[in-house]
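Novice: Quick one, fold the following:
(2 chains)
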Amino acid sequence: MAEPTKLAKDDEPKDDATPNVSKVETVKVASEEEAVEVLDAPAQRGEPVLQVRNLVKHFPLTQGILFKKQIGAVKAVDGISFDLYQGETLGIVGESGCGKSTVAKLLMNLEQATAGEIFYKGQDITKLSGRALKAVRRNIQMVFQDPYTSLNPRMTVGDIIGEPFDIHPEVAPKGDRRRRVQELLDVVGLNPEYINRYPHQFSGGQRQRIGIARGLALNPEIIICDEPVSALDVSVQAQVINLMERLQDEFNLSYIFIAHDLSIVRHISDRVGVMYLGKMAEIGTDQQIYDHPTHPYTQALLSAVPVPDPDARDHRERIILTGDVPSPANPPSGCRFRTRCWKAEDKCAKEVPLLAVPERFKGVDTPAAHESACHFAEEKDVVGAA
Amino acid sequence: MSRTPVTKHDEGDGMTSLEMAPTNAGADGAAPLLEVRDLHVEFAVRDSVTKAVNGVNYSVNAGETLAVLGESGSGKSVTAQAIMGILDSPPGRIAKGEIFFQGQDILRLPENERRKLRGAKMAMIFQDALSSLNPVLSVGFQLGEMFRAHQGMSRKDAKAKAIELMDRVRIPAAAQRVGDYPHQFSGGMRQRIMIAMALALEPDLIIADEPTTALDVTVQAQVMDLLAELQREYNMGLILITHDLGVVADVADKIAVMYAGRIVETAPVHELYKRPAHPYTKGLLESIPRLDHKGQELYAIKGLPPNLQAIPPGCAFNPRCTMAQDVCRTDVPPLVPVTELDGTELPGRHSACHFWKETIHG
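Specialist: The predicted structure follows:
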């Protein structure tokens, strides 16, 4: 897998929340045609295909029926930045309500961002419309969590997988579509003769394969997978994960893999971002995050995962967090994790920790030197691999 | 988490609780708390019969945790429902078998006797707390109902008891929250209320059906810790039904693996993970990704779990098994004791595979 290129550091400290991400090279275009051309040009390996900068999504809370007034906002995503490189898998983990699915919707442009930018090949997709937006959508596809509700029960498998061609007819000419759908079925390991069957005739794992085939139909560059295997049984989960890895190599795909199962995320991801209450707590390569976590939340999260090894239960340290995740409508001041953190001090209530390589690890060649949004970042092995 | 099994009923003759010990074993006084014998449950569906449970045997002692491991459709929840007596019948029906609870065959008991057992002697924790609690009644009322119905307590006393219980399961500010409704609690808190309800009358047996599947990992750890602690305190038998091999490794004393309505392997927890004696268990263990190291391609068991209306002849796992021979397609393998190569017995270990020797001894 391609090493993510080192992030260029700006000399001047900026006061935005993530000082460490590279500057985005925007591509100026004069017309819509030119934009479509830029968006359709294939990305090079190791290049960032998607660059997210200070992305914010607030859902307004309103009161009153006739005269609605805004009384607050659910801060689902509150200023996150990351890069996705061509050919890599970026895992995003976090508990329910941390905003990971909202990020997926924002990347698909299914939700309008409140603020921030999402650059796809140098174009800010939050500001695109018309044909340029259509070109983006063809290149970024999604696989959903629940294979039981994300497939229309009244459509045949052929219609479901072929539907993207109705919207983007340039990808497959009309007469060729049936053959193309059968090809896709074959690619995801289903019998091409099943083309006229309905979703209820398939098992959960097979349905998820149909969802993946639909995501592949338009030859996208990026596939956003929102909990693609959490509804599946263990023995079937492995089949789907292996399929997704095979497809990534075959079609040169970049994945954003959103899940709450940390073991699966480690297995499939090259880099992992940990989200908490709408913010990125820590981001790094899978080894940096799992074997050398520096953010207390990541450490607690990892230590809470049950390991399938009964011998480990006596000597594994468990960090049991107290309480629940605070409401995103009224997040704590300063560091959002401080209400459940055992390291919290006064500073944590006053200053928002920036997502950056901690001061103490700067310039040191250690796996702990990765971005972590904690004032008191400290390495701690909780998985017990070392 | 350090916990040792409280009672291991391991008599001198090597007879363990997982073997089909006769219940009139009053002589050694070690009849298990619960013993399920050759249980068959089927569901009548249009034109045919779905055989959900096909001859399950297991037993639990006081203070012991038995994990029943299996995928969806393996019959693990249906077995639990049959034990509790909450099977949907019709269409469900216990076709055959016995369930001994504290030495009594509860399947022969009249319904009103059965009803007295439920809640007081055996209780169940369900997976989805939100749909298991009544949304229009306060949690205090629902908790207090246990005491009003079983012990004829007054409303006031029952409420005081409810607050006490909520305190026990560490719900903050219990006295203020006793009048709140289920939707006002978070997922983890709701599951605590389910645990409180199950514990209310201090039962001897608790059946937890996927108690943490719907929860986030940090909350799951809290809830499992609480459950383990309370089990130790009350010395209850716990049947933990789950598909999560991680949770099992953390809390179970012994494991029964189910596939297509049958138990395919039983073993003490450490043994099972080290040396599985059934190809299905082996495949499951190999197919889970690990947190502590990044593996290569995952091993995947090919194919799909069988349709329960048309279970393959012979061993139900044979179409997916890498070791299947002709005998597997014709003869149903019995659940036999597993031994070392030299014939030394491995206590508590059974496998329903014609080739268990090859599986465990490689």
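Novice: tell me the contacts of whichever residue of the stretch 101-250 of chain B sits closest to chain A?
Specialist: The nearest approach of the stretch 101-250 of chain B to chain A comes at B:G246, 3.2 Å away (Cβ to the nearest Cβ). Where you see a C-beta, it was placed from the backbone N, CA and C, and this is true even at glycine. By Cβ atoms under 8 Å, 6 or more residues apart in numbering or on different chains, the contact set of B:G246 is A:263, A:305-308, B:288.
Novice: Figure out how far the strand or helix carrying it is from the centre of its chain.
Specialist: Using DSSP states H and E, B:G246 falls within helix B:245-251. Here the centre of helix B:245-251 is set off from its chain's centre by 13 Å, with Cα atoms, centre = their mean, to the nearest Å.
Novice: How about residues contacting the helix or strand following that helix?
Specialist: Remark: after helix B:245-251, the chain's next helix or strand is strand B:254-259, criterion DSSP H and E. Residues outside strand B:254-259 that contact it (Cβ under 8 Å, 6+ apart): B:17-18, B:56, B:58, B:64-71, B:74-76, B:79, B:248, B:263-269, B:272, B:278, B:280-281, B:284, B:305, B:316-317, B:348.
Novice: And stretch A:65-72, by the same measure?
Specialist: Under the criterion Cβ under 8 Å, 6+ apart, residues A:60-63, A:329-330 lie in contact with stretch A:65-72.
Novice: cool, stretch B:95-102 as well?
Specialist: Residues outside stretch B:95-102 that contact it (Cβ under 8 Å, 6+ apart) are B:23, B:31-42, B:55-56, B:82-83, B:105-107, B:117, B:121-122, B:204-205.
Novice: try stretch B:71-87
Specialist: Contacts of stretch B:71-87 (Cβ under 8 Å, 6+ apart): A:233-235, B:34, B:36, B:39, B:41, B:52-54, B:56, B:68-70, B:88, B:92-94, B:99, B:101, B:106, B:114, B:117-118, B:122, B:124, B:207, B:209-210, B:239, B:241, B:243, B:258-262, B:305, B:308.
Novice: Ok, stretch A:183-190 next?
Specialist: With Cβ under 8 Å, 6+ apart, stretch A:183-190 has contacts from A:157, A:161, A:191-192, A:194-195, A:206, A:209-210, A:212-213, A:216-217, A:239, A:243, A:247, A:250.
Novice: Now that stretch: buried residues?
Specialist: Neighbour counts over stretch A:183-190 (16 or more other Cβ atoms under 10 Å in any protein chain shown) mark A:183-185, A:187-190 as buried.
Novice: Can you name the secondary structure element that comes next after the host helix or strand of B:A175?
Specialist: Per DSSP H and E: B:A175 is located in helix B:174-177. Helices and strands here follow DSSP H and E; after helix B:174-177, the next one along the chain is helix B:187-199.
Novice: Give the rounded mean pLDDT of that following helix.
Specialist: For helix B:187-199, mean pLDDT rounds to 89.
Novice: again with stretch A:27-35
Specialist: So the average pLDDT for stretch A:27-35 ends up being 74.
Novice: Alpha carbons of it, in PDB - could you do that?
Specialist: What follows is stretch A:27-35, C-alpha atoms only, in PDB (Å, rounded to 0.1, in the frame of the first residue of the first chain):
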ATOM      1  CA  VAL A  27      -7.400  24.000  -9.500                       C
ATOM      2  CA  LYS A  28      -8.900  27.100 -11.100                       C
ATOM      3  CA  VAL A  29     -11.500  26.300 -13.800                       C
ATOM      4  CA  ALA A  30     -13.100  28.700 -16.200                       C
ATOM      5  CA  SER A  31     -16.200  26.700 -17.100                       C
ATOM      6  CA  GLU A  32     -18.300  23.800 -16.100                       C
ATOM      7  CA  GLU A  33     -16.800  21.700 -19.000                       C
ATOM      8  CA  GLU A  34     -13.400  22.300 -17.700                       C
ATOM      9  CA  ALA A  35     -14.400  21.300 -14.200                       C
END
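Novice: where does the stretch 51-200 of chain B have low pLDDT?
Specialist: Scanning the stretch 51-200 of chain B for pLDDT under 70 picks out nothing.
Novice: who in it is up against chain A?
Specialist: Counting by Cβ under 8 Å from any Cβ of the partner chain, the stretch 51-200 of chain B comes close to chain A at B:71-72, B:172, B:186-189.
Novice: hmm, which of these are the buried ones?
Specialist: Buried by 16+ other Cβ under 10 Å: B:71, B:186-189, out of those.
Novice: With respect to A:Y290, which of the residues you listed is nearest?
Specialist: B:G188 (24.4 Å; Cβ to Cβ).
Novice: Report the contact partners of that closest one.
Specialist: Contacts for B:G188 (Cβ under 8 Å, 6+ apart) come out as A:324, B:215-216, B:219, B:222-223.
Novice: that older thread, mind picking the two most distant members of the buried residues of stretch A:183-190?
Specialist: Using Cβ to Cβ, these reach their maximum pairwise distance at A:E183 and A:G189, which is 12.5 Å.
Novice: Helices along chain B, start to end?
Specialist: Applying DSSP state H to chain B gives helices spanning B:76-84, B:111-120, B:129-132, B:139-151, B:155-168, B:174-177, B:187-199, B:217-234, B:245-251, B:269-274, B:279-287, B:326-330, B:356-361.
Novice: Tabulate the CA atom coordinates of the first one in CSV.
Specialist: Extracted C-alpha coordinates of helix B:76-84, given in CSV (Å, rounded to 0.1, in the frame of the first residue of the first chain):
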residue,chain,number,x,y,z
LYS,B,76,-29.5,-20.1,20.6
SER,B,77,-32.2,-17.7,21.4
VAL,B,78,-35.0,-20.2,20.8
THR,B,79,-33.4,-22.6,23.3
ALA,B,80,-33.4,-19.7,25.8
GLN,B,81,-37.0,-18.9,25.1
ALA,B,82,-37.9,-22.5,25.7
ILE,B,83,-36.2,-22.5,29.0
MET,B,84,-38.0,-19.3,30.1
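Novice: And it, how far out from the chain middle?
Specialist: On Cα atoms, centre = their mean, the centre of helix B:76-84 falls 8 Å from the chain's centre.
Novice: picking that back up, flag every buried residue along the helix holding B:G246.
Specialist: Residues of helix B:245-251 classed as buried: B:245-251 (neighbour count, 16+ other Cβ under 10 Å).
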